[in-house]
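Novice: Based on what follows, work out the 3D shape:
(2 chains)
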Amino acid sequence: DAGITQSPRHKVTETGTPVTLRCHQTENHRYMYWYRQDPGHGLRLIHYSYGVKDTDKGEVSDGYSVSRSKTEDFLLTLESATSSQTSVYFCAISEFNSGANVLTFGAGSRLTVL
Amino acid sequence: KNEVEQSPQNLTAQEGEFITINCSYSVGISALHWLQQHPGGGIVSLFMLSSGKKKHGRLIATINIQEKHSSLHITASHPRDSAVYICAALAYGGATNKLIFGTGTLLAVQP
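Specialist: Predicted coordinates:
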């Protein structure tokens, strides 16, 4: 979507390798989120950020770490990928603007761990 | 029990029917989003509600803050409305507002 990009969009990797997914925004939104989406589970929060260097864990954070060194970038790292981390990963950005909450999702990153 | 519950999980309708999808939540919220995801597609926000009712074309969303309940209605449904509809609550958290998602409603509108 306009203002938010995810990279890579598709990745195939092997068990045990490190993987980093990048979320980049041009909207200067404060809040950024990483979710995974799996059949039967819907969207589940991995980690989120409420400012530069301010991050917190979500409900499925084990095996994942994040970093946000600048407003526009939120990185999700799998230190040692496992097959259970095969999923579609969505980044989202959010901000309050004129009393409304603006929410925008990235196009998703499909990760396959063999 | 999930903090955000949606019903039904699956819904099949005939073209032209009036459709209602429900969302109940148990946390304090500052806003609630209705999202749409087409098969294999991205996720878009249809509505953001903090009170009352909003309408966009054939879509209507309502929220009752006291009852902690929101509904998404589709009038004169069409096969192109077939998608997963997700409600997402923006829970109070001071500086750390967190989105909590329902598991989604898979809607299939048959011609």
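Novice: which strands and helices sit next to the one helix or strand in chain B whose mean pLDDT sits lowest?
Specialist: Ranking every helix and strand in chain B by mean pLDDT, DSSP states H and E puts strand B:98-101 at the bottom, with a mean of 84. Strand B:98-101 sits against strand A:42-51, strand B:83-91, with contacts defined as 3 or more Cβ pairs under 8 Å, 6 or more residues apart in numbering or on different chains; DSSP states H and E. Where C-beta positions appear, they are placed from N, C-alpha and C, glycine not excepted.
Novice: List the strands paired with the longest one, with their directions.
Specialist: As defined by DSSP bridges, the strand partners of strand A:42-51 come to strand A:31-38 (antiparallel), strand A:54-57 (antiparallel).
Novice: Also the last one?
Specialist: With DSSP bridges as the criterion, the sheet partners recorded for strand B:83-91 are strand B:29-37 (antiparallel), strand B:98-101 (antiparallel), strand B:105-110 (antiparallel).
Novice: For that strand, give the mean pLDDT please.
Specialist: Averaging pLDDT along strand B:83-91 yields 92.
Novice: Centre-most residue in chain A?
Specialist: The centre of chain A sits closest to A:Trp34, judged by Cα atoms, centre = their mean, with a distance of 2.8 Å.
Novice: count of neighbours near residue 62?
Specialist: If you meant another chain, say so; for now it's chain A. As a burial measure, A:Asp62 scores 8 neighbours (other Cβ atoms under 10 Å in any protein chain shown).
Novice: that's the wrong chain, I meant chain B
Specialist: When counting by other Cβ under 10 Å, one arrives at 17 neighbours for B:Thr62.
Novice: ok, now which ones touch residue 17?
Specialist: As the question left the chain open, I've gone with chain A. Contacts here follow Cβ atoms under 8 Å, 6 or more residues apart in numbering or on different chains; on that basis A:Thr17 touches A:80-81.
Novice: You answered for a different chain; I wanted chain B.
Specialist: So B:Glu17 contacts B:77, B:109 (Cβ under 8 Å, 6+ apart).
Novice: Ok, A:Asp56 next?
Specialist: Neighbouring residues of A:Asp56 by Cβ under 8 Å, 6+ apart: A:47-50, B:96, B:98.
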